[in-house]
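Engineer: Here's a sequence, model it:
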Amino acid sequence: MAKIIGIDPGSRVTGYGLISSVGNKLEYIDSGCIRTKSSALPDRLKIIFDGLCAVIEQHAPQQAAIEEVFMGRNVSSALKLGQARGSAITACLYYDLPVEEYAARKVKQAVVGAGSADKAQVQHMVKALLSISDSIAEDAADALAVAICHANTQTSLIRMAGANSFSRKRLQK
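Structural biologist: Below is the predicted model:
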């Protein structure tokens, strides 16, 4: 069983979501948002770091997955997002968690089946995949989607490694 924390970084709102993964079975553990006040950026980065540290201490995940920076039109926003990601990654590394990064398109593809899916579609599929009946915030759903993408990627890699080992053994006989 792997306990995975997914992170959707943002300088104002950082979503997090925790799942456990055993083979193809995914189970919802917890999710939420770390909201920063309209203070200076360094203060917001500390709030993100401290908030994620508290979540990691509470749930003790073994792996972390985070969404990569999406480069939009506003360079200033992208830089702030990058700093928020850095704060989140540092919190994970502080607890010696291995961190994997995923592009937003790959996350959407893994959860919805289309890399151009909108937030509502991602939110709907996350709730369906994890059997969540309550409402969840968009940022928390995005974080859970990152965790699901990571779990699916790890399962696929394990299967491929097993298939390669099996193929080599058959060829040697």
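Engineer: Give me the pLDDT for residue 114.
Structural biologist: For residue 114, the pLDDT comes out at 81.
Engineer: Does it touch residue 106 like I think?
Structural biologist: No: if you go by CB atoms under 8 Å, residue 114 and residue 106 don't touch, sitting 11.6 Å apart. For glycine as for every other residue, the C-beta is placed from the backbone atoms N, C-alpha and C.
Engineer: pretty sure residue 88 is in a helix, no?
Structural biologist: Yes: under DSSP: H, G, I helix; E, B strand; the rest coil, residue 88 falls within a helix.
Engineer: more neighbours, residue 114 and residue 106?
Structural biologist: Taking neighbours as other CB atoms under 10 Å, residue 114 and residue 106 compare with residue 106 leading, 16 against 11.
Engineer: which non-adjacent residue is nearest the more buried one?
Structural biologist: residue 149 (6.3 Å; CB to CB, 6 or more residues apart in numbering).
Engineer: ok, the one you found touching residue 105?
Structural biologist: No: counting by CB under 8 Å, residue 149 does not reach residue 105; the two are 10.5 Å apart.
Engineer: those strands in this structure, which residues are they?
Structural biologist: 2-8, 13-22, 25-35, 63-67, 99-102 (DSSP state E).
Engineer: quick one: which of those strands is nearest residue 41?
Structural biologist: strand 13-22 (13.3 Å; CB to CB).
Engineer: and the angle for the closest one with strand 2-8?
Structural biologist: 160 degrees (axes from the mean of the first three to the mean of the last three CA atoms, to 10 degrees).
Engineer: What residues sit buried inside strand 13-22?
Structural biologist: Buried positions in strand 13-22, judged by neighbour count with 16 or more other CB atoms under 10 Å: 13-21.
Engineer: Name the spans of the chain whose pLDDT lies under the cut-off.
Structural biologist: Where the chain drops to pLDDT under 70, the residues are 71-72, 155-173.
Engineer: The residue nearest to residue 106: neighbouring residues, count only.
Structural biologist: Residue 149 - counted by other CB under 10 Å - has 24 other residues nearby.
Engineer: Pull the contacting residues for it.
Structural biologist: Residue 149 sits next to 6, 65, 102, 106-107, 110-111 when contact means CB atoms under 8 Å, 6 or more residues apart in numbering.
Engineer: mind putting the buried residues of strand 13-22 in TSV, distance to residue 90 included?
Structural biologist: As requested, the buried residues of strand 13-22 are arranged in TSV below (distance: CB to CB, whole Å):
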residue	distance to residue 90
13	18
14	13
15	17
16	15
17	19
18	19
19	22
20	24
21	24
